[in-house]
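Trainee: quick one, fold the following:
(one chain, ligands or ions: 1)
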Amino acid sequence: MTIEQLSEADRAEALDALDEWDFEEAREAITRSFTFADFSQAFAFMTRVALLAEKADHHPEWSNVWNRVDILLTTHDAGGLSHRDIDMAEAIDALVEP
Ligand SMILES: C[C@H](O)[C@H](O)[C@H]1CNC2=NC(N)=NC(=O)C2=N1
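Mentor: Numbers count the residues shown, from 1 in each chain. A predicted model of the protein is given here:
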């Protein structure tokens, strides 16, 4: 299965709409940090993201420290950012900003 990296123009357009996400040039990835009231809330969020990831077969690189969850999205199969990352970022945002 071939997944194409986004062109610079498509990337710029997508990032424009994803206010809360930062582009990390070195990793060809987007990142966002989420903070919750406590660990329980953070882990509940991670559970929901995990289900999205399995459904989409697209998985985040992430870490959790107590109430914080740091997420990095990139497409390993494409060697950089693809529409899959944008779709996943939008789906994750929808969990916290309904
Ligand atoms: C075989 C399986 O479809 C692939 O390895 C999927 C799984 N999840 C993935 N997740 C991410 N972030 N990038 C990928 O390229 C990727 N590939």
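Trainee: could you measure Q41 against A29, distance?
Mentor: 25 Å (C-beta to C-beta, to the nearest Å). Every C-beta, even on glycine, is put in place using the N, C-alpha and C of the backbone.
Trainee: try L52
Mentor: Relative to A29, and taking C-beta to C-beta, L52 is found at 17 Å.
Trainee: other SSEs contacting the top helix by length along the chain?
Mentor: Across the chain, the longest stretch assigned as helix under DSSP state H is helix 39-56. Here helix 39-56 touches strand 61-65, strand 68-73, helix 83-96, going by 3 or more C-beta pairs under 8 Å, 6 or more residues apart in numbering; DSSP states H and E.
Trainee: ok now it, how far from the chain's centre?
Mentor: Chain-centre distance of helix 39-56: 12 Å, with C-alpha atoms, centre = their mean, to the nearest Å.
Trainee: give me the pLDDT for the closest residue to D38 other than its chain neighbours.
Mentor: Once flanking residues are discounted, D38 sits nearest to N67: 5.4 Å by C-beta to C-beta, 6 or more residues apart in numbering. At N67, the pLDDT value in this model is 98.
Trainee: how many other residues sit next to N67?
Mentor: 15 (other C-beta atoms under 10 Å).
Trainee: before we move on, what about the one 5 residues further on?
Mentor: Close neighbours of L72, defined as other C-beta under 10 Å, add up to 17.
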